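> Generate coordinates for the sequence data below:
(one chain, ligands or ions: 1)
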Amino acid sequence: MGAYASVNIVSKRLQEAPLYLTATSRIHELTPEERAVYATLTPARLPEHVAIIMDGNGRWAGLRSLKRFLGHQQGAKSVQLVTETASRIGLPWLTLYAFSLENNLRRPRAEVAFLMRLLRSYLESNLQRMMDNNVRIQYIGRTHDLPPEVQDKMQWASEATARNTGTTLTLALNYGARSEMVDAFKGLAMEMQRRGISPERITEEDIHRHLYTAHMPDPDLLIRTSGEMRISNYLLWQIAYAEIFVTDRFWPDFRGIHLLEAIAAYQRRERRYGGLGEAEREDQVVEDVNEEARTAG
Ligand code: FPP
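Numbers count the residues shown, from 1 in each chain. The predicted model follows:
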């Protein structure tokens, strides 16, 4: 819990910082193809938080008769390229599902060991690019159960980038949404016991405060690659009102331009949060006025 508390303090400071510190856009650094898609977007309505389920590394490799680990290696390149595009458009929060609790428990040991080595080498070899792109690296998940040498490298990267003010790249590692909720409920129960608070007084806000993501806004857009229509135990609480975008493209083929295309699709959607849509609201107003006129007449 201590680690989360310190993340919360940093994030609170960030939230209090003037907007220009977090939303500096570097559109001129986009590729011409990306710029063409960006031109179709409404910059004022960019999502604040995009979460991605990166899937299809194995199938990408299989299609090319390559070993699975080469798919993961190529997937790590996509992580960097997509993060850089996100930072260029001033996306404040990008959260990537890099390694689930289930991956840890159910994949062959050799694949897990490879993913751990890949994570370390990814952090080491991309740190300078993160600095050049003003990207801050953080993590969510039961990271304390990862191998110590991986944790050391993670801490090194998050400390080195902690003062960056652009996109926050959060890697979900050894993460599962249900275990996040278990951790949150334990934390909340302990707090209530300490403060002598009765369970009837629990609010959604209390639960939110104890999630790993307490310091972030909820995702506006959830992207899943490789065509699967599943949430796979990812950010279950936080995606309550997220727009979902599924693409058949495998993660190793996913690039910044595809992030921009997903954002364009998001901007064509109407977010209703359980309320009425724009058109229905207008119809309702006309109906209400007519009703009032009839009653008055
Ligand atoms: C799914 O592919 C992907 C993962 C296991 C997690 C994502 C991992 C990466 C992108 C690699 C490295 C990441 C970092 C941050 C260095 P899969 O193996 O489930 O694909 P499949 O469903 O086609 O078999």
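> which residues of the stretch 101-250 of the chain fall in strands?
All strands of the stretch 101-250 of the chain, identified by DSSP state E, counting those that start in this stretch, fall at 136-140, 168-175, 221-224, 243-246.
> And those: which comes nearest residue 254?
If you check each of these against residue 254 by C-beta to C-beta, strand 221-224 wins as the nearest, at 8.3 Å. All C-beta spots, glycine's among them, are computed from the backbone N, C-alpha and C.
> sorry, back to before: could you export the strands of the stretch 101-250 of the chain as CSV, including mean neighbour count, distance to residue 146 and mean pLDDT?
CSV is the format used below for the strands of the stretch 101-250 of the chain (neighbours: other C-beta atoms under 10 Å; distance: least, C-beta to C-beta, whole Å; pLDDT from 0 to 100):
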stretch, mean neighbour count, distance to residue 146, mean pLDDT
strand 136-140, 23, 9, 98
strand 168-175, 26, 6, 98
strand 221-224, 25, 24, 98
strand 243-246, 18, 29, 98
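> Which stretch among these approaches the ligand most closely?
Ranking these by proximity to the ligand (C-beta to the nearest ligand atom) places strand 168-175 first, at 5.4 Å.
> quick revisit: using a markdown table, lay out the strands of the stretch 101-250 of the chain together with distance to residue 58.
As requested, the strands of the stretch 101-250 of the chain are exported to a markdown table (distance: least, C-beta to C-beta, whole Å):
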| stretch | distance to residue 58 |
| --- | --- |
| strand 136-140 | 23 |
| strand 168-175 | 19 |
| strand 221-224 | 15 |
| strand 243-246 | 18 |
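> Quick one: closest of those to residue 47.
Distances from residue 47 to each of the strands of the stretch 101-250 of the chain were compared by C-beta to C-beta, and the smallest falls on strand 221-224, at 4.6 Å.
> Tell me which residue in the chain sits closest to the ligand.
Nearest to the ligand in the chain, going by C-beta to the nearest ligand atom, is residue 58, at a distance of 2.5 Å.
> May I ask which helix or strand encompasses that residue?
Residue 58 is part of helix 57-63 when elements are defined by DSSP states H and E.
> Is the ligand within reach of the following helix or strand past that helix?
Past helix 57-63, further along toward the C-terminus, the next helix or strand under DSSP H and E is helix 68-88. Yes. Helix 68-88 comes into contact with the ligand when judged by C-beta under 6 Å from any ligand atom, the residues involved being 72, 75, 76, 79.
> The third one against residue 118, yeah?
Yes. Using C-beta atoms under 8 Å, residue 76 makes contact with residue 118 at a distance of 5.7 Å.
> out of the two, which sits in the busier spot?
Counted by other C-beta atoms under 10 Å, residue 76 and residue 118 do not tie: residue 76 has more neighbours, with 20 against 17.
> what's the closest non-adjacent residue to that one?
Closest residue to residue 76 in three dimensions, ignoring its sequence neighbours and counting by C-beta to C-beta, 6 or more residues apart in numbering: residue 122, at 4.8 Å.
> for the one you found, what are its contacts?
Neighbour list for residue 122: 76, 79, 80 [criterion: C-beta atoms under 8 Å, 6 or more residues apart in numbering].
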